[in-house]
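Engineer: Sequence unavailable; structure follows:
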(Lines give C-alpha, C1' and ligand atoms only; values in the text may rest on other atoms or scores of the structure.)
Protein backbone atom coordinates (compact mmCIF):
# COMPACT_ATOMS: atom_id res chain seq x y z
CA UNK A 1 0.00 0.00 0.00
CA UNK A 2 1.30 3.42 -0.93
CA UNK A 3 0.72 6.74 0.78
CA UNK A 4 -2.16 8.44 -1.01
CA UNK A 5 -0.37 11.62 -1.94
CA UNK A 6 2.25 9.61 -3.89
CA UNK A 7 -0.31 7.89 -6.13
CA UNK A 8 0.04 8.83 -9.78
CA UNK A 9 -3.70 8.26 -10.26
CA UNK A 10 -4.98 11.11 -8.09
CA UNK A 11 -6.52 13.96 -10.06
CA UNK A 12 -5.00 17.34 -9.14
CA UNK A 13 -8.36 18.66 -7.94
CA UNK A 14 -8.94 15.77 -5.52
CA UNK A 15 -8.32 16.23 -1.78
CA UNK A 16 -6.74 13.16 -0.17
CA UNK A 17 -5.77 12.94 3.49
CA UNK A 18 -2.02 12.40 3.96
CA UNK A 19 -2.62 9.29 6.10
CA UNK A 20 -5.10 7.63 3.73
CA UNK A 21 -3.97 4.28 2.38
CA UNK A 22 -4.28 3.72 -1.36
CA UNK A 23 -3.65 0.42 -3.16
CA UNK A 24 -2.05 -0.05 -6.55
CA UNK A 25 -4.07 0.69 -9.64
CA UNK A 26 -6.51 3.02 -7.89
CA UNK A 27 -7.97 6.12 -9.49
CA UNK A 28 -9.28 9.11 -7.52
CA UNK A 29 -11.17 11.40 -9.86
CA UNK A 30 -11.78 15.13 -10.01
CA UNK A 31 -13.06 16.92 -6.90
CA UNK A 32 -13.19 13.76 -4.82
CA UNK A 33 -12.41 13.84 -1.09
CA UNK A 34 -10.74 10.94 0.73
CA UNK A 35 -10.31 11.18 4.50
CA UNK A 36 -7.27 10.33 6.61
CA UNK A 37 -8.68 7.04 7.93
CA UNK A 38 -9.81 5.67 4.57
CA UNK A 39 -8.25 2.61 2.95
CA UNK A 40 -8.78 1.90 -0.76
CA UNK A 41 -7.66 -1.57 -1.78
CA UNK A 42 -6.15 -2.27 -5.20
CA UNK A 43 -7.96 -1.13 -8.36
CA UNK A 44 -10.65 0.94 -6.65
CA UNK A 45 -11.99 3.72 -8.86
CA UNK A 46 -13.64 6.93 -7.63
CA UNK A 47 -15.00 8.57 -10.76
CA UNK A 48 -15.48 12.15 -9.55
CA UNK A 49 -17.06 14.25 -6.78
CA UNK A 50 -16.97 11.30 -4.35
CA UNK A 51 -16.67 11.77 -0.58
CA UNK A 52 -15.16 8.85 1.36
CA UNK A 53 -14.57 9.57 5.05
CA UNK A 54 -14.26 8.01 8.48
CA UNK A 55 -12.83 4.57 9.23
CA UNK A 56 -13.77 3.19 5.83
CA UNK A 57 -12.35 0.33 3.76
CA UNK A 58 -13.27 -0.06 0.08
CA UNK A 59 -12.54 -3.51 -1.35
CA UNK A 60 -10.52 -4.39 -4.42
CA UNK A 61 -12.00 -3.61 -7.81
CA UNK A 62 -14.96 -1.61 -6.52
CA UNK A 63 -16.09 1.27 -8.73
CA UNK A 64 -17.74 4.31 -7.19
CA UNK A 65 -19.58 6.66 -9.51
CA UNK A 66 -19.97 10.46 -9.20
CA UNK A 67 -21.50 12.16 -6.16
CA UNK A 68 -21.39 9.12 -3.87
CA UNK A 69 -20.96 9.62 -0.10
CA UNK A 70 -19.56 6.78 2.03
CA UNK A 71 -18.58 6.64 5.70
CA UNK A 72 -20.04 9.90 6.92
CA UNK A 73 -21.75 10.09 10.36
CA UNK A 74 -25.03 8.28 10.88
CA UNK A 75 -28.35 10.10 10.61
CA UNK A 76 -29.05 9.06 14.19
CA UNK A 77 -29.39 11.52 17.05
CA UNK A 78 -27.87 8.91 19.38
CA UNK A 79 -24.61 8.96 17.43
CA UNK A 80 -21.99 10.76 19.52
CA UNK A 81 -18.97 10.63 17.25
CA UNK A 82 -17.78 7.16 18.31
CA UNK A 83 -15.05 5.72 16.04
CA UNK A 84 -17.34 3.39 14.12
CA UNK A 85 -16.56 1.88 10.73
CA UNK A 86 -17.77 1.26 7.20
CA UNK A 87 -16.66 -1.80 5.23
CA UNK A 88 -17.31 -2.20 1.49
CA UNK A 89 -16.32 -5.49 -0.16
CA UNK A 90 -14.83 -6.30 -3.54
CA UNK A 91 -16.04 -5.72 -7.08
CA UNK A 92 -19.05 -3.65 -6.13
CA UNK A 93 -20.66 -1.02 -8.35
CA UNK A 94 -21.95 1.96 -6.39
CA UNK A 95 -23.82 4.30 -8.67
CA UNK A 96 -24.50 8.03 -8.64
CA UNK A 97 -25.69 9.77 -5.45
CA UNK A 98 -25.65 6.63 -3.28
CA UNK A 99 -25.20 7.31 0.45
CA UNK A 100 -23.75 4.78 2.92
CA UNK A 101 -23.34 5.83 6.58
CA UNK A 102 -20.97 4.50 9.21
CA UNK A 103 -22.07 2.34 12.13
CA UNK A 104 -22.95 3.37 15.67
CA UNK A 105 -22.33 2.09 19.19
CA UNK A 106 -25.90 0.86 19.32
CA UNK A 107 -25.50 -1.36 16.28
CA UNK A 108 -22.10 -2.99 16.55
CA UNK A 109 -20.04 -0.04 15.26
CA UNK A 110 -20.07 -1.27 11.66
CA UNK A 111 -21.96 -0.78 8.41
CA UNK A 112 -20.99 -3.58 6.03
CA UNK A 113 -21.51 -4.42 2.36
CA UNK A 114 -20.26 -7.69 0.85
CA UNK A 115 -18.84 -8.49 -2.58
CA UNK A 116 -20.27 -8.16 -6.10
CA UNK A 117 -23.20 -5.92 -5.17
CA UNK A 118 -24.90 -3.32 -7.37
CA UNK A 119 -26.30 -0.24 -5.66
CA UNK A 120 -28.12 1.82 -8.27
CA UNK A 121 -28.44 5.60 -8.28
CA UNK A 122 -29.75 7.32 -5.14
CA UNK A 123 -29.92 4.16 -3.01
CA UNK A 124 -29.38 4.70 0.71
CA UNK A 125 -27.77 2.35 3.26
CA UNK A 126 -28.21 3.63 6.80
CA UNK A 127 -26.04 3.02 9.86
CA UNK A 128 -25.32 -0.52 11.06
CA UNK A 129 -26.81 -2.26 8.01
CA UNK A 130 -25.29 -5.58 6.96
CA UNK A 131 -25.57 -6.46 3.26
CA UNK A 132 -24.40 -9.80 1.89
CA UNK A 133 -22.86 -10.75 -1.45
CA UNK A 134 -24.51 -10.28 -4.83
CA UNK A 135 -27.22 -7.95 -3.54
CA UNK A 136 -28.95 -5.54 -5.93
CA UNK A 137 -30.56 -2.34 -4.67
CA UNK A 138 -32.41 -0.57 -7.47
CA UNK A 139 -32.78 3.20 -7.86
CA UNK A 140 -33.66 5.05 -4.65
CA UNK A 141 -34.14 1.87 -2.60
CA UNK A 142 -33.77 2.89 1.03
CA UNK A 143 -32.66 0.94 4.09
CA UNK A 144 -33.24 2.28 7.59
CA UNK A 145 -30.72 1.47 10.33
CA UNK A 146 -29.80 -2.06 11.41
CA UNK A 147 -31.27 -3.78 8.33
CA UNK A 148 -29.81 -7.15 7.27
CA UNK A 149 -29.95 -8.22 3.62
CA UNK A 150 -28.79 -11.74 2.87
CA UNK A 151 -26.95 -12.95 -0.25
CA UNK A 152 -28.38 -12.40 -3.75
CA UNK A 153 -31.47 -10.51 -2.62
CA UNK A 154 -32.96 -7.81 -4.85
CA UNK A 155 -34.61 -4.66 -3.45
CA UNK A 156 -36.75 -2.88 -6.03
CA UNK A 157 -36.75 0.79 -6.96
CA UNK A 158 -38.11 3.31 -4.44
CA UNK A 159 -38.72 0.61 -1.84
CA UNK A 160 -38.23 1.29 1.86
CA UNK A 161 -37.15 -1.22 4.52
CA UNK A 162 -37.95 -0.48 8.18
CA UNK A 163 -35.17 -0.54 10.77
CA UNK A 164 -34.15 -3.92 12.23
CA UNK A 165 -35.82 -5.87 9.40
CA UNK A 166 -34.17 -8.74 7.54
CA UNK A 167 -34.40 -9.57 3.85
CA UNK A 168 -33.76 -13.26 3.24
CA UNK A 169 -31.39 -14.70 0.67
CA UNK A 170 -32.59 -14.75 -2.94
CA UNK A 171 -35.59 -12.61 -1.92
CA UNK A 172 -37.14 -10.22 -4.44
CA UNK A 173 -38.69 -7.02 -3.10
CA UNK A 174 -40.89 -5.36 -5.73
CA UNK A 175 -40.61 -1.70 -6.61
CA UNK A 176 -42.29 0.90 -4.37
CA UNK A 177 -42.74 -1.64 -1.57
CA UNK A 178 -42.73 -0.83 2.16
CA UNK A 179 -41.25 -3.66 4.23
CA UNK A 180 -41.95 -3.49 7.98
CA UNK A 181 -41.33 -7.15 8.88
CA UNK A 182 -38.77 -9.74 7.81
CA UNK A 183 -39.08 -10.63 4.10
CA UNK A 184 -38.86 -14.37 3.46
CA UNK A 185 -35.95 -15.90 1.55
CA UNK A 186 -36.61 -17.10 -2.02
CA UNK A 187 -39.90 -15.16 -2.05
CA UNK A 188 -41.66 -12.40 -3.97
CA UNK A 189 -42.59 -9.63 -1.54
CA UNK A 190 -44.45 -6.64 -2.94
CA UNK A 191 -46.70 -3.76 -1.89
CA UNK A 192 -47.40 -1.02 0.68
CA UNK A 193 -47.45 -2.53 3.21
CA UNK A 194 -45.73 -5.48 1.56
CA UNK A 195 -47.27 -8.93 1.20
CA UNK A 196 -45.64 -12.21 0.22
CA UNK A 197 -46.80 -13.66 -3.10
CA UNK A 198 -44.96 -16.96 -2.86
CA UNK A 199 -41.81 -18.36 -4.39
CA UNK A 200 -39.66 -16.25 -6.72
CA UNK A 201 -39.75 -19.01 -9.33
CA UNK A 202 -38.21 -16.96 -12.14
CA UNK A 203 -35.28 -15.90 -9.96
CA UNK A 204 -34.73 -19.46 -8.77
CA UNK A 205 -34.60 -20.77 -12.34
CA UNK A 206 -32.20 -18.03 -13.41
CA UNK A 207 -29.85 -18.96 -10.59
CA UNK A 208 -29.84 -22.61 -11.58
CA UNK A 209 -31.83 -24.23 -8.80
CA UNK A 210 -33.06 -27.71 -9.66
CA UNK A 211 -36.65 -28.57 -10.45
CA UNK A 212 -36.77 -30.69 -7.31
CA UNK A 213 -35.66 -27.84 -5.04
CA UNK A 214 -38.14 -25.45 -6.67
CA UNK A 215 -40.91 -27.99 -6.21
CA UNK A 216 -40.06 -28.46 -2.53
CA UNK A 217 -40.07 -24.73 -1.93
CA UNK A 218 -43.40 -24.38 -3.74
CA UNK A 219 -44.85 -26.94 -1.35
CA UNK A 220 -43.39 -25.10 1.66
CA UNK A 221 -44.79 -21.75 0.55
CA UNK A 222 -48.19 -23.32 -0.10
CA UNK A 223 -48.30 -24.55 3.48
CA UNK A 224 -47.21 -21.15 4.80
CA UNK A 225 -49.44 -18.93 2.72
CA UNK A 226 -52.36 -20.84 1.25
CA UNK A 227 -53.29 -23.54 3.74
CA UNK A 228 -55.53 -22.97 6.74
CA UNK A 229 -52.62 -23.63 9.10
CA UNK A 230 -51.14 -20.94 11.33
CA UNK A 231 -47.40 -20.32 11.09
CA UNK A 232 -46.43 -22.76 13.85
CA UNK A 233 -48.60 -25.49 12.38
CA UNK A 234 -47.28 -24.82 8.89
CA UNK A 235 -43.67 -25.09 10.07
CA UNK A 236 -44.45 -28.38 11.81
CA UNK A 237 -46.04 -29.72 8.64
CA UNK A 238 -43.11 -28.54 6.50
CA UNK A 239 -40.67 -30.33 8.79
CA UNK A 240 -42.75 -33.51 8.54
CA UNK A 241 -43.31 -33.46 4.77
CA UNK A 242 -40.11 -31.94 3.35
CA UNK A 243 -36.81 -33.26 4.59
CA UNK A 244 -33.18 -33.04 3.47
CA UNK A 245 -33.72 -29.96 1.32
CA UNK A 246 -31.26 -27.28 2.51
CA UNK A 247 -33.21 -24.41 0.96
CA UNK A 248 -36.36 -25.39 2.83
CA UNK A 249 -34.32 -25.65 6.02
CA UNK A 250 -33.07 -22.09 5.40
CA UNK A 251 -36.66 -20.89 5.01
CA UNK A 252 -37.78 -22.60 8.22
CA UNK A 253 -34.80 -21.32 10.22
CA UNK A 254 -35.38 -17.78 8.94
CA UNK A 255 -38.95 -17.83 10.24
CA UNK A 256 -38.01 -19.46 13.55
CA UNK A 257 -35.33 -16.84 14.26
CA UNK A 258 -37.41 -13.81 13.27
CA UNK A 259 -37.81 -11.18 15.98
CA UNK A 260 -40.16 -8.86 14.09
CA UNK A 261 -42.34 -11.48 12.47
CA UNK A 262 -42.35 -12.25 8.76
CA UNK A 263 -44.21 -10.80 5.81
CA UNK A 264 -47.02 -13.16 4.75
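Structural biologist: Nice, thanks for sending it over. Note that the structure is a prediction, hence the values are computed from the model and not measured.
Engineer: Just say helix, strand or coil for residue 170.
Structural biologist: Using DSSP: H, G, I helix; E, B strand; the rest coil, the secondary structure recorded for residue 170 is coil.
Engineer: any chance you could map the strands in the stretch 101-250 of the chain?
Structural biologist: Taking DSSP state E, counting those that start in this stretch as the criterion, the stretch 101-250 of the chain contains strands spanning 110-113, 118-119, 124-125, 130-131, 136-137, 142-143, 148-149, 154-155, 160-161, 166-167, 172-173, 178-179, 187-191, 194-199.
Engineer: would TSV of those with distance to residue 77 and mean pLDDT be doable?
Structural biologist: For the C-beta atoms, the positions are set from N, CA and C on the backbone; glycine is no exception. As requested, the strands of the stretch 101-250 of the chain are arranged in TSV below (distance: least, C-beta to C-beta, whole Å; pLDDT from 0 to 100):
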stretch	distance to residue 77	mean pLDDT
strand 110-113	17	98
strand 118-119	25	98
strand 124-125	17	98
strand 130-131	22	98
strand 136-137	25	98
strand 142-143	18	98
strand 148-149	22	98
strand 154-155	26	98
strand 160-161	20	98
strand 166-167	24	98
strand 172-173	28	98
strand 178-179	23	98
strand 187-191	30	98
strand 194-199	28	98
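Engineer: could those strands go into CSV alongside mean neighbour count and distance to residue 44?
Structural biologist: CSV is the format used below for the strands of the stretch 101-250 of the chain (neighbours: other C-beta atoms under 10 Å; distance: least, C-beta to C-beta, whole Å):
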stretch, mean neighbour count, distance to residue 44
strand 110-113, 24, 13
strand 118-119, 22, 15
strand 124-125, 24, 18
strand 130-131, 24, 18
strand 136-137, 24, 20
strand 142-143, 22, 23
strand 148-149, 24, 22
strand 154-155, 26, 24
strand 160-161, 23, 27
strand 166-167, 27, 27
strand 172-173, 26, 28
strand 178-179, 20, 31
strand 187-191, 23, 33
strand 194-199, 19, 35
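Engineer: In a helix, residue 253, correct?
Structural biologist: Yes. With three-state DSSP as the criterion, residue 253 is part of a helix.
Engineer: Distance to residue 222 for the strands of the stretch 101-250 of the chain - can I get that in a markdown table?
Structural biologist: Converted to a markdown table, the strands of the stretch 101-250 of the chain look like this (distance: least, C-beta to C-beta, whole Å):
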| stretch | distance to residue 222 |
| --- | --- |
| strand 110-113 | 34 |
| strand 118-119 | 32 |
| strand 124-125 | 34 |
| strand 130-131 | 30 |
| strand 136-137 | 27 |
| strand 142-143 | 30 |
| strand 148-149 | 26 |
| strand 154-155 | 23 |
| strand 160-161 | 26 |
| strand 166-167 | 22 |
| strand 172-173 | 18 |
| strand 178-179 | 22 |
| strand 187-191 | 12 |
| strand 194-199 | 8 |
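Engineer: and of the ones you listed, who's closest to residue 221?
Structural biologist: When the strands of the stretch 101-250 of the chain are ranked by distance to residue 221, counting by C-beta to C-beta, first place goes to strand 194-199 at 4.8 Å.
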